[in-house]
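Asks: Structure for this input, please:
(2 chains)
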Amino acid sequence: MENRRCLEYTCPSHGGWGMVRIGMLIPESHQLFVCPSACGRHGALGAIKQGLKNRLSYLYLEESDVISGYDDAIYDAVDELLRRLYERPKVLIVFVSCLDDLIGTDGDAVIDELSVRYPDVKFRMGHMNPIQSDSDEPPLVSIWKNVYSLMERDAEECIPAVNMLGNYVPIDEDGEFHELMALLGMKICHVGNCETYQELKEMGNSCLNLLVTPPVEKVARQLKREQGMDYIFAPVKYDFEEIKEEYQTIFDKFSEMGVISEVAMVGGDTTDAMDHFRVRAEQIISAAENKARKAIEDAREAVGERSLYVDYSAFVDPFRVAAFFHKEGFPIKRVYAKDIDENQEEYRYLVEQTDVEIVHIKGHDIVNKWKESDEGIAIGLEAAYVSGAKHVVSVFQDEKMFGFHGVCLLMEKLKKSVEEEVDLENVINQAGLVV
Amino acid sequence: MIKIAVYGKGGIGKSTTTSNLSAALSDNGLKVMQIGCDPKADSTKNLVSGIKIPTVLDQIKEKGKSIKLDDIVFKGYGKTLCVEAGGPTPGIGCAGRGIIAAFEELERLHAYEEYESDVVLYDVLGDVVCGGFAMPIRGGYAEHVFVVTSGEMMSLYAANNIASAIKSFGSRGYAKFEGMILNSRNIENELEIVQKAAAEMETQIVKVLPRSGEVQLAEAQKKTVVEALPECAMAMEYRDLAKRVMEAC
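Replies: Numbering: from 1, shown residues only, chains lettered A, B, ... in the order given. Okay, the predicted model is just below:
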């Protein structure tokens, strides 16, 4: 309640992946925003910066639409849009704004009607309604639901592939996780790698969904209920023991599903093949671990005494990363957080056993810590803006990182950041953020 | 589970009729959940001895995410379960949004599944004036709609509006208009007037409830007629209404 009484600070480097950009991950899709014109500003400017403007359209609502409802206006707009687009989209997301929470448009009925009118297009109703941020289905959960609900299982048996859900960009292909999955004959699928809607649809035939971030849990549960797609959580970890535990959890799941033995049997004797897999997996993991250890040592030496400032936009779990940095001997000074779970183990570790400061980046008292850290290294663009650090690691939500290779990527970025000072405005523009 | 919405002009006797219907169905051994969809939050008062139960919207405001079903669903007469959606202070806010929010909360808490009710009755304020008030007759909610009316013009006018809304949703495969319940005001030629209106709306009169002082007697005891005066003639009328409603559904 205390926070509700205060203004929240939003810094100019806020943003990254919003509703529009996430929805645009759907190949061959188009978005129609149905909202008052002012609601379109951020999404439209972002789409221009991110090169997505040709896939985004607006139906501006007026007062008469608010009074009368706008089901028919949506039908007319979709009709016009589909006639005017040079290429017919395979998927069309009709977004409504907070206004619709009051109007109460029957979204399901609108989608059903559109699906009857245009059977060759898949329709989804999107909700750009931050007013529902505290609800059971905030915008982020809703948009991921729209993306992944397009996966359809049409094969009788699942194929040897695993989907990574909830991360914005695919993990780096040079990592050990790719190698491990290849050993099992498993392909790693990600919506960002799909060039066609058909490819996204076919991800429904994969045998397992790995949930990298929490907002995809709802759609994962739905896919399990409706299509029998199993899932486990596999968030990005940095602590070495946690990485190994996560791999073990994934392998246990495959083992439980009989996937390992099936693949291993191709080579002949099951037991021998299983043993072979275990030996090879251990070798791969061990080699990756050694590389990550070396990368940490190199980065630590490069960073020296410079303080590290970590923010919530860089990592899904900034406390986990900050604890990792501290345990590895980096001079981590501050975490700029947004949501704080005071019972979280890593948070408690930082508060009780270290001098690391935890700062609520949206709190009005952020101005007391303003631009005081130009010698430090900011990891995340919000930390960069607020701290004033000249050395910056530009990363959003653990992008591309997973496993030991993820640690290596982070360390490489850290080392590189030491070598040069950045023009933050330039970095913000390159990241496609809207000020 | 049978889900029924009861609509009608304000003050026509919807809540009295619905509460007595709930009580009569409960006496028949059915578990009934009555959901009042009116900011006044007085739909179920005669099922809970006149106690003002907390509304869904008040509890959302007070408890936020920690809200539980026990905070909003209350045991009433017999096997009835009582819920009041609630709404804004008169003159401010948006009542339609209130209904949407209350329904979303009931769904989020799996209220229907948890209580395994045989019948759910939505007692809806007045006319289908906006999207919020249409919520009870959308997909997933009531499959059957009854409209309470008298022979007075304004009441029939509202009934016609409600019938139009149901009809326009018909193509979406939503609720079916099962008929009108004539809550008699003893005006001249009342039955004929309502029969004519029903024919124009392509529906029927499911039950004629006579005007009776027993309703006021029971309400003075803060009870339904079915509970307070179970052997009286009006209680028999409500039991007959329950029978006819179930037959129609």
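Asks: Next, the buried residues of stretch A:403-412.
Replies: A:Gly403, A:Phe404, A:His405, A:Gly406, A:Val407, A:Cys408, A:Leu409, A:Leu410, A:Met411 (16 or more other C-beta atoms under 10 Å in any protein chain shown). To be clear about C-beta, it is placed using only N, CA and C from the backbone, and glycine gets the same treatment.
Asks: just stretch A:158-165 next, same as before
Replies: Neighbour-count burial for stretch A:158-165 flags A:Cys158, A:Pro160, A:Ala161, A:Val162, A:Asn163, A:Met164, A:Leu165 (criterion: 16+ other C-beta under 10 Å).
Asks: Nearest to B:Asn160 among the residues you listed?
Replies: Checking the buried residues of stretch A:158-165 against B:Asn160 with C-beta to C-beta, the nearest one is A:Leu165 at 50.1 Å.
Asks: rewinding a little: among the buried residues of stretch A:158-165, which two are most distant?
Replies: A:Pro160 and A:Leu165 (17.5 Å).
Asks: Up against chain A, what does chain B have?
Replies: Applying C-beta under 8 Å from any C-beta of the partner chain, we find that chain B lies next to chain A at B:64-65, B:94, B:96-97, B:100, B:104, B:108, B:130-132, B:134-135, B:138-139, B:169, B:172.
Asks: now the residues you listed: which count as buried?
Replies: Buried, going by 16+ other C-beta under 10 Å: B:94, B:96-97, B:100, B:104, B:130-132, B:134-135, B:138, B:169, B:172, out of the residues of chain B next to chain A.
Asks: okay, who's weakest in these by pLDDT?
Replies: Taken together, these show their lowest pLDDT at B:Arg172, with 75.
Asks: So what does the closest residue to chain B within the stretch 1-150 of chain A have for phi and psi?
Replies: Using C-beta to the nearest C-beta, the closest approach of the stretch 1-150 of chain A to chain B is made by A:Gly104 at 2.9 Å. Recorded main-chain torsions at A:Gly104 are phi 70, psi 40, according to degrees, to the nearest 10.
Asks: How about it: what's its closest non-neighbour residue?
Replies: Distances taken as C-beta to C-beta, 6 or more residues apart in numbering or on different chains place B:Gly131 nearest to A:Gly104, at 2.9 Å, with adjacent residues excluded.
Asks: cool, and A:Gly46?
Replies: A:Val434 (4.8 Å).
Asks: Name the nearest of the buried residues of stretch A:403-412 relative to chain B.
Replies: A:Gly406 (32.7 Å).
Asks: Look up how far A:Val418 lies from the residue of chain B found nearest chain A.
Replies: Here chain B gets closest to chain A at one residue, B:Gly131, 2.9 Å apart by C-beta to the nearest C-beta. Going from B:Gly131 to A:Val418 by C-beta to C-beta, to the nearest Å gives 57 Å.
Asks: element containing the residue in the stretch 201-350 of chain A positioned nearest to chain B, please.
Replies: Using C-beta to the nearest C-beta, A:Lys218 is the residue of the stretch 201-350 of chain A that sits closest to chain B, at 11.6 Å. Using DSSP states H and E, A:Lys218 sits in helix A:217-227.
Asks: Do me a favour and average the pLDDT over the helix or strand following that helix.
Replies: Toward the C-terminus, helix A:217-227 is succeeded by strand A:230-233 as the next helix or strand (DSSP H and E). Regarding strand A:230-233, the rounded mean pLDDT is 96.
Asks: what comes into contact with strand A:230-233?
Replies: A:165, A:207-211, A:217, A:220-221, A:223-224, A:249-250, A:253, A:257 (C-beta atoms under 8 Å, 6 or more residues apart in numbering or on different chains).
Asks: returning to that earlier point: determine which two of the buried ones among the residues of chain B next to chain A are furthest apart.
Replies: B:Cys94 and B:Arg172 (23.4 Å).
Asks: Neighbours of A:Val91, how many?
Replies: 21 (other C-beta atoms under 10 Å in any protein chain shown).
Asks: Residues in a beta bridge with it, which ones?
Replies: Counting by DSSP bridges, A:Val91 is bridged to A:Ser29, A:Lys122.
Asks: residues in contact with it?
Replies: Per C-beta under 8 Å, 6+ apart, neighbours of A:Val91: A:Ile26, A:Glu28, A:Ser29, A:His30, A:Val121, A:Lys122, A:Phe123, A:Arg124, A:Leu150, A:Tyr197.
Asks: Could you pull up phi and psi at B:Gly179?
Replies: phi 150, psi -180.
Asks: My error: substitute B:His144 in the last question.
Replies: Torsion angles, degrees, to the nearest 10, at B:His144: phi -130, psi 140.
Asks: got the residue ranges for the strands in the chain?
Replies: You didn't say which chain, so I picked chain A. Shown for chain A, the strands assigned by DSSP state E span residues A:29-35, A:56-60, A:91-97, A:122-128, A:159-165, A:187-189, A:206-211, A:230-233, A:308-311, A:332-337, A:357-360, A:377-379, A:391-393.
Asks: think we crossed wires, I meant chain B
Replies: Along chain B, counting by DSSP E, strands occupy B:2-8, B:32-37, B:74-75, B:80-84, B:119-124, B:144-149, B:176-183, B:205-209.
Asks: For chain A, what lies in contact range of chain B?
Replies: Counting by C-beta under 8 Å from any C-beta, the residues of chain A near chain B are A:69, A:101-106, A:108-109, A:112-113, A:134-136.
Asks: mind redoing it with 7 Å?
Replies: Where chain A comes near chain B, counting by C-beta under 7 Å from any C-beta of the partner chain, the residues are A:Gly69, A:Asp101, A:Leu102, A:Ile103, A:Gly104, A:Thr105, A:Asp106, A:Asp108, A:Ala109, A:Asp112, A:Asp136.
Asks: can you redo those as TSV with pLDDT, neighbour count and distance to B:Val245?
Replies: Listed next are the residues of chain A next to chain B as TSV, based on pLDDT from 0 to 100; neighbours: other C-beta atoms under 10 Å in any protein chain shown; distance: C-beta to C-beta, whole Å:
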residue	pLDDT	neighbour count	distance to B:Val245
A:Gly69	85	17	31
A:Asp101	87	19	33
A:Leu102	84	16	33
A:Ile103	85	23	32
A:Gly104	85	21	27
A:Thr105	89	20	31
A:Asp106	89	20	26
A:Asp108	90	13	27
A:Ala109	90	18	26
A:Asp112	93	16	29
A:Asp136	82	13	33
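Asks: Restricted to helices, list the residues you listed.
Replies: A:Asp101, A:Leu102, A:Ile103, A:Asp108, A:Ala109, A:Asp112 (DSSP state H).
Asks: elements contacting the helix or strand of chain B with the lowest mean pLDDT?
Replies: Of all helical and strand segments in chain B, the minimum by mean pLDDT, DSSP states H and E falls on helix B:131-134, at a mean of 83. If you count contacts as 3 or more C-beta pairs under 7 Å, 6 or more residues apart in numbering or on different chains; DSSP states H and E, helix B:131-134 packs onto helix B:95-108.
Asks: and the longest helix anywhere in chain B with strand B:119-124, angle?
Replies: Across chain B, the longest stretch assigned as helix under DSSP H is helix B:153-170. Calculated by axes from the mean of the first three to the mean of the last three C-alpha atoms, to 10 degrees, helix B:153-170 forms an angle of 120 degrees with strand B:119-124.
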